[in-house]
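Q: sequence and predicted structure, then a few things I'm wondering about:
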Amino acid sequence: MPIKNRFAELLPEITEWRRDLHAHPEIMYDLPRTAGFVASKLRAFGCDEVVEGIGRTGVVGVIKGRSDSSGKVIGLRADMDALPIHETTGLDYASETPGAMHACGHDGHTAMLLGAAKYLSETRNFDGTVVLIFQPAEEGGAGGLAMVEDGLMDRWGVQEVYGMHNAPGLPVGMFATRPGALMASSDEFEIVVTGKGGHAAEPHQAVDTTLAAAQVVVTLHSIVSRNVNPLQRVVLTVGTFTTDSSASNIIAHTATLRGTVRTLDPEARALMEARVRRVAEDTASAFGARAEVTWTAGYPVTVNDADAAAFATEVARAVSPMVEGEVPPIMPSEDFSYMLEARPGAYLFLGNGDSAQCHHPNYNFNDEAIPYGCSFFAEIVERRLSA
């Protein structure tokens with residue numbers, strides 16, 4: 001079965017929703033217009049229940065099938081928040097909010113789930129219940145965790161959960177996923193190196209903090225190549241290096257390094273934290289300085305349930321001839337991981353064509369992908385909850 005005819009009919013309307021959301025981006029949990037837009041649409045569709053304020057500003061819609069003899073409940077999730085980026089697309093529906101834009105396609109994700117909600121509310125050709133999850137603060141705010149901690153899964157009895165993300169570079173209409181680890185965990189570290197400031201002409205009277213910190217950077221990058229199994233995927237990046245000096249003739253007293261570590265399994269994650277601490281402290285000490293490491297655990301690994309991933313792949317193949325069911329994992333992170341820790345389910349990528357990459361100021365969601373995403377969400381329900 002290709003894309004559902006109803007979504008071809010609805011495409012102009014869903015596109016209009018998507019572009020309205022694109023023109024009015026909101027960030028993190030501060031989503032009054034976006035959440036209100038979603039809730040209003042869900043009520044207009046005739047959802048059986050619409051609840052706002054889950055996980056602070058998330059929205060949940062509930063659609064019951066023609067019968068509920070199965071007792072099954074499936075969750076479908078879309079993220080709603082934008083990014084603090086100045087848009088440069090020049091589109092006629094470009095962001096009207098300075099310094100904010102939908103640079104990751106969450107406007108498209110929200111519009112596709114709204115499209116599926118409209119169709120499922122009209123047809124109700126399933127036996128069970130669908131819980132529509134519109135999540136805030138995916139971009140660094142752990143909105144997925146907030147919704148789970150606010151009782152999302154237990155309150156509505158969600159038994160399994162599915163989500164998707166657009167993928168620039170994949171052809172429009174192509175789906176890609178895998179069982180097991182699909183996306184990496186994301187942890188952050190800050191290392192403050194303290195030496196002894198002084199005059200640049202008299203380094204022997206000081207402890208050169210900049211030199212010590214530079215050696216810490218170099219040595220940190222040996223961890224992946226020398227402590228991690230070469231067959232494992234691990235990424236360490238030092239993103240910033242600053243000192244408390246702005247003059248060329250001063251030896252800084254402190255230097256601060258900030259970076260991120262991405263891993264695909266708990267053992268590698270624990271190893272990296274331990275080694276970052278040890279390497280930073282010992283390297284700084286070797287230069288007469290001191291390093292203090294602050295480690296902040298971020299999103300966990302996004303792990304697809306094997307059975308759910310196989311089912312999602314089967315559904316994707318019913319929607320599109322272009323499906324990759326064993327795509328290699330990637331190292332960005334995703335807070336849908338918290339929902340997959342709470343319930344079995346699967347996450348997929350949907351091709352966005354030859355677009356700018358996500359988080360780029362010239363990115364734009366490809367509206368041609370909408371019927372594929374809507375059809376996938378609807379088909380998940382109609383197959384899993386077959387009447």
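A: That came through, no problem.

Q: just to check, V73 is in contact with V131?
A: Yes. Counting by Cβ atoms under 8 Å, V73 touches V131, with 6.2 Å between them. All C-beta spots, glycine's among them, are computed from the backbone N, C-alpha and C.

Q: what does whichever strand or helix holds S285 rub up against?
A: Counting by DSSP states H and E, the element that carries S285 is helix 266-286. The contact list for helix 266-286 (Cβ atoms under 8 Å, 6 or more residues apart in numbering) reads 185, 187, 189, 191, 193, 212-213, 215-216, 219-220, 222-223, 227-229, 232, 234, 236, 261, 263, 290-291, 293, 295, 301.

Q: count of neighbours near P371?
A: Residues lying near P371 (other Cβ atoms under 10 Å) number 25.

Q: I meant to write P321 there.
A: By other Cβ under 10 Å, neighbour count at P321 equals 9.

Q: and it, what element?
A: Here P321 is assigned to no helix or strand, by DSSP H and E.

Q: relative to R262, how far out is S333?
A: 7 Å (Cβ to Cβ, to the nearest Å).

Q: can you list residues touching both of these two?
A: Contact criterion Cβ under 8 Å, 6+ apart; residues shared by S333 and R262: A184, S185, S186.

Q: among these, which are in strands?
A: Taking DSSP state E as the definition of strands, those contribute S185, S186.

Q: who wins for most neighbours among the shared contacts of S333 and R262?
A: Ranked by neighbour count (other Cβ under 10 Å), those have A184 at the top, with 29 neighbours.

Q: which residues of this protein fall in helices?
A: In the chain, the helices defined using DSSP state H lie at 5-23, 32-45, 106-123, 143-149, 152-155, 209-220, 222-227, 266-286, 306-319, 336-342, 370-384.

Q: ok, which of the ones you listed comes nearest Y93?
A: Nearest of these to Y93, taken as Cβ to Cβ: helix 5-23 at 4.1 Å.

Q: picking up where we left off before, model confidence over the helix holding S285, on average?
A: Averaging pLDDT along helix 266-286 gives 97.

Q: repeat for stretch 339-354
A: pLDDT averaged over stretch 339-354 gives 98.

Q: so what's H86 up against?
A: P98, G99, M101, P361 are the contacts of H86 under Cβ under 8 Å, 6+ apart.

Q: re earlier: the contacts of helix 266-286, buried ones only, as a PyMOL selection?
A: Buried residues among the contacts of helix 266-286 (16 or more other Cβ atoms under 10 Å), as a PyMOL selection:
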select buried, resi 185+187+189+191+193+212+213+215+216+220+223+228+234+236+261+263+290+291+293+301
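
Q: intersection of neighbour lists for V73 and V131?
A: Both V73 and V131 are in contact with W156, V158, where contact means Cβ under 8 Å, 6+ apart.

Q: what's the burial count for D154?
A: Counted with other Cβ under 10 Å, residues neighbouring D154 total 10.

Q: phi and psi next, for the spatially most central residue of the chain.
A: Against the mean C-alpha coordinate of the chain, by Cα atoms, centre = their mean, the closest residue is E334 at 3.0 Å. As for E334, its main-chain torsions (degrees, to the nearest 10) stand at phi -160, psi 130.

Q: pLDDT at it, what is it?
A: 97.

Q: got a list of what it touches?
A: Counted by Cβ under 8 Å, 6+ apart, E334 has contacts E138, H165, M183, Y299, T302, Y347.

Q: who wins for neighbours among those?
A: Taking other Cβ under 10 Å to define a neighbour, the member of the contacts of E334 with the most is T302, carrying 28 neighbours.

Q: and it, how far is that from A346?
A: T302 is 10 Å from A346, by Cβ to Cβ.

Q: show me the common contact partners of these two, please.
A: With Cβ under 8 Å, 6+ apart, T302 and A346 have common neighbours L340.

Q: residue contacts, Q357?
A: Counting by Cβ under 8 Å, 6+ apart, Q357 touches P168, G169, Y363.

Q: list only buried entries from those.
A: When the contacts of Q357 are checked for burial by 16+ other Cβ under 10 Å, the buried set is P168, Y363.

Q: who touches stretch 231-247?
A: Contacts for stretch 231-247 (Cβ under 8 Å, 6+ apart): 184, 197, 209-210, 213-214, 217, 220-221, 223-224, 228, 251-265, 268, 272, 276, 329, 331.

Q: name only those of those residues that count as buried.
A: For these, buried by 16+ other Cβ under 10 Å: 184, 197, 209-210, 213-214, 217, 220, 223-224, 228, 251-265, 268, 272, 276, 329, 331.

Q: from the contacts of H86, which is closest to E341?
A: Nearest to E341 out of these is M101 (Cβ to Cβ; 30.0 Å).

Q: burial of the closest one, as a residue count?
A: Considering only other Cβ under 10 Å, M101 is surrounded by 28 other residues.

Q: make a markdown table from the shared contacts of S333 and R262 and add pLDDT and distance to I54 to it.
A: Output for the shared contacts of S333 and R262, formatted as a markdown table (pLDDT from 0 to 100; distance: Cβ to Cβ, whole Å):
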| residue | pLDDT | distance to I54 |
| --- | --- | --- |
| A184 | 97 | 27 |
| S185 | 97 | 25 |
| S186 | 96 | 24 |
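
Q: which one of the shared contacts of S333 and R262 is nearest to P25?
A: S186 (22.3 Å).

Q: so who does the closest one touch?
A: By Cβ under 8 Å, 6+ apart, the contact list for S186 reads T260, V261, R262, G298, Y299, P332, S333.

Q: for Q357, see how far away it is.
A: From S186 to Q357 the distance is 17 Å (Cβ to Cβ).

Q: give me the neighbour count for the closest residue in space to T219 that isn't next to it in sequence.
A: Leaving out its chain neighbours, the residue that sits closest to T219 by Cβ to Cβ, 6 or more residues apart in numbering is T283, at 4.7 Å. Residues near T283, counting by other Cβ under 10 Å, number 23.
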